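J.: fold the following for me, if possible:
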Amino acid sequence: MRRATISRIVLSAILACSMVACTSMPRQQPPEEAIEDGVVTARVKEKLIADPLTKHHNINVETFKGTVQLSGFVESDEARARALQIASEVQGVKRVRDAMDVPEKGS
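T.: Predicted coordinates:
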């Protein structure tokens with residue numbers, strides 16, 4: 001079990017470094033912080049996928065210096081609130097920014 005956890009953290013770190021390199025926003029931070037942010041992003045995504053209310057939504061997660069930004073579209077204010085709650089409860093999250101949209105009914 002410990003090996004699986006370490007493997008997940010290493011994979012998250014690798015993914016984090018690749019995501020930081022591909023981002024369009026200028027981000028300069030030490031590699032250690034980038035790895036920590038990648039782990040936080042992976043944890044938030046894992047929790048969002050595991051939750052019955054948020055798992056069917058395409059919620060983008062970006063983390064920079066412990067601040068998590070959630071973006072994308074969700075079907076309801078309830079799903080938006082739940083996603084924000086989930087993100088705020090993840091270890092390592094200092095702040096959560098809401099950039100999610102809820103489509104207007106009838107659109």
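J.: other residues contacting stretch 90-101?
T.: Stretch 90-101 is contacted from outside by 36, 39-40, 43-44, 47, 59, 63, 65-74, 80, 83-84, 87-88, using C-beta atoms under 8 Å, 6 or more residues apart in numbering. To be clear about C-beta, it is placed using only N, CA and C from the backbone, and glycine gets the same treatment.
J.: what about the strands in the chain?
T.: 58-64, 67-73, 95-101 (DSSP state E).
J.: just to revisit the earlier point, just the buried residues out of the contacts of stretch 90-101, in PyMOL syntax.
T.: Of the contacts of stretch 90-101, the buried ones can be selected in PyMOL as follows, counting by 16 or more other C-beta atoms under 10 Å:
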select buried, resi 36+39+40+43+44+47+59+63+68+69+70+74+80+83+84+87
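J.: that older thread, quick one: closest of the strands of the chain to residue 51.
T.: Residue 51 lies closest to strand 58-64 among these, at 10.3 Å (C-beta to C-beta).
J.: quick one: strands adjacent to that closest one?
T.: strand 67-73 (antiparallel) (DSSP bridges).
J.: how near is the residue lying closest to residue 76 once chain neighbours are set aside to residue 96?
T.: Nearest residue to residue 76, sequence neighbours excluded (C-beta to C-beta, 6 or more residues apart in numbering): residue 102, at 6.4 Å. According to C-beta to C-beta, to the nearest Å, residue 102 stands 16 Å off from residue 96.
J.: that concludes my questions; thank you for your assistance.
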